[in-house]
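Colleague: this is a predicted model, with the sequence first.
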Amino acid sequence: LHPSSRFRNVWDAIQLCVLLYVSIMIPLRVSFESPAEGFWFVLEQVMDLYFWMDIVLNCISGYYPERGKNRIAVMDLKCILRRYARTWMLLDVLSSLPVDQIIRFSHGTYLCSFDASCTADFTQMDNSGQIFRLLKILRLTRLLKLVQIKRFAGLLREHQMLIMSLERFLPLVKQLVILGMMGHWAACCFYLFSTPDFRTAIETEKVKSGQLQPWLEKHFGTNPNLHSVEDRYITALYWSFATLTSVGYGDIAASTLAERICALFEMVGGTILFSFVVASCVDFLAIINRRTRIEKCRFVEVSNYTTHEQFPERLRTAILMHYKN
């Protein structure tokens, strides 16, 4: 399969949409224990099938050499398999493991998930269920597929004329998208590490005795799952952006070890990322002001030239109006 074929480009474009869905929904479902049911479950089953088909296509899809000026695609099957095995194969297989299906089969909820008729409580697990909680966390490895977004740089180059008019906005838009995605991931991670499963034995005893009240119990009580996913997500997202933007109101604070470690990573990453966003905004405004200043200077030059050459007033006015418009 040629890497520049129409089928491969369409397939990669579909993969971009799938990766965007995965990057948003997988952290949400794992952290807030919100399993897909009905239409969304069917959609995610199709996406799982898509990822396995993508592995097969990668085994037979040619590639361009990374070095040199030779842009002739390598179509030898042995070279393709050797290169894929050294780069993305292990990552793709790990990120496509049917972890969610294993969890649902273990709880007898796989078939009923198709029509959203499950009566079992996904949030209640016995001791053996802790193993499956770890399996659910492994679903996050699917996010590593986002590294493959660099493949779409070629698609953008082929359609660069369509986005040329938006070229000056792209750096700012990119930084804002990254900030939004990081805020979303940080909110999901903070909520996940705030759950009782990530507390030490001492912290658990303090919570039971009332000596420690984490933010999760403070805002949602002893059973947060009784509240809607929307309420819990908005609260976590509020903390995430307050931390990313260095506002930090303090009404939601990290009080356990896992929460503090998560908060440390977000504060460091948020400081770096937010500085890039501010820099992009400054550059964007500087470009606009520079272009405006250049246009004004040219207008003044034309005005001075028509005055120096003593153009007729009517002609001079027409030229300046034409140039201004």
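Modeller: Everything's here; your move. Values in this document were obtained by computation on a predicted structure and should not be read as measured data. Numbering: from 1, shown residues only.

Colleague: other SSEs contacting the helix or strand that contains residue 304?
Modeller: Element membership for residue 304, per DSSP states H and E: helix 257-308. If contacts are counted by 3 or more Cβ pairs under 8 Å, 6 or more residues apart in numbering; DSSP states H and E, helix 257-308 sits against helix 170-194, helix 229-244, helix 313-324. All C-beta spots, glycine's among them, are computed from the backbone N, C-alpha and C.

Colleague: TSV for those, including mean pLDDT and mean neighbour count?
Modeller: Listed next are the helices and strands packed on helix 257-308 as TSV, based on pLDDT from 0 to 100; neighbours: other Cβ atoms under 10 Å:
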stretch	mean pLDDT	mean neighbour count
helix 170-194	84	19
helix 229-244	91	18
helix 313-324	77	12
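
Colleague: nearest to residue 92, out of these?
Modeller: The closest of these to residue 92 is helix 170-194. By Cβ to Cβ, the value is 20.9 Å.

Colleague: by contact count, what packs against the closest one?
Modeller: Short answer (3+ Cβ pairs under 8 Å, 6+ apart): helix 170-194 packs on helix 6-32, helix 215-220, helix 229-244, helix 257-308.

Colleague: where does the stretch 101-250 of the chain have low pLDDT?
Modeller: For the stretch 101-250 of the chain, residues meeting the criterion pLDDT under 70 lie at 117-171.

Colleague: quick one, which of the helices and strands packed on helix 170-194 gets closest to residue 187.
Modeller: helix 229-244 (3.9 Å).

Colleague: which secondary structure elements does the closest one contact?
Modeller: helix 6-32, helix 170-194, helix 215-220, helix 257-308.

Colleague: which residue is the nearest non-sequential neighbour of residue 204?
Modeller: residue 196 (6.7 Å; Cβ to Cβ, 6 or more residues apart in numbering).

Colleague: check residue 52 too.
Modeller: Nearest residue to residue 52, sequence neighbours excluded (Cβ to Cβ, 6+ apart): residue 96, at 5.7 Å.

Colleague: how many residues are close by that neighbour?
Modeller: Using other Cβ atoms under 10 Å, residue 96 has 20 neighbouring residues.

Colleague: wait, it touches residue 50, no?
Modeller: No. The criterion here is Cβ atoms under 8 Å, and residue 96 misses it with residue 50 at 9.4 Å.

Colleague: spatially, what comes nearest to residue 11 if we skip its sequence neighbours?
Modeller: Residue 11's closest residue in space is residue 57 (Cβ to Cβ, 6+ apart), at 6.8 Å.

Colleague: tell me which of the helices and strands packed on helix 170-194 sits most buried.
Modeller: Neighbour counts (mean count of other Cβ atoms under 10 Å) averaged over each of those peak at helix 229-244, with a mean of 18.

Colleague: what sits up against it?
Modeller: 28, 32, 34, 179, 182-184, 186-188, 190-191, 215, 219-220, 224, 247-249, 252, 263, 266-267, 270, 273-274 (Cβ atoms under 8 Å, 6 or more residues apart in numbering).

Colleague: rewinding a little: sec struct for the residue nearest to residue 11, please.
Modeller: At residue 57 the chain is in helix, as set by DSSP: H, G, I helix; E, B strand; the rest coil.

Colleague: list the contacts of it.
Modeller: Counted by Cβ under 8 Å, 6+ apart, residue 57 has contacts 1, 8, 11.

Colleague: now distance to residue 44 and pLDDT too, for those residues, in CSV please.
Modeller: Converted to CSV, the contacts of residue 57 look like this (distance: Cβ to Cβ, whole Å; pLDDT from 0 to 100):
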residue, distance to residue 44, pLDDT
1, 26, 79
8, 24, 83
11, 19, 85
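
Colleague: ok, those residues vs residue 311, which is closest?
Modeller: With Cβ to Cβ as the yardstick, the closest approach to residue 311 among the contacts of residue 57 comes from residue 8, at 59.6 Å.

Colleague: wait, the closest one touches residue 63, no?
Modeller: No. Applying Cβ under 8 Å, one finds residue 8 not in contact with residue 63, separated by 10.6 Å.
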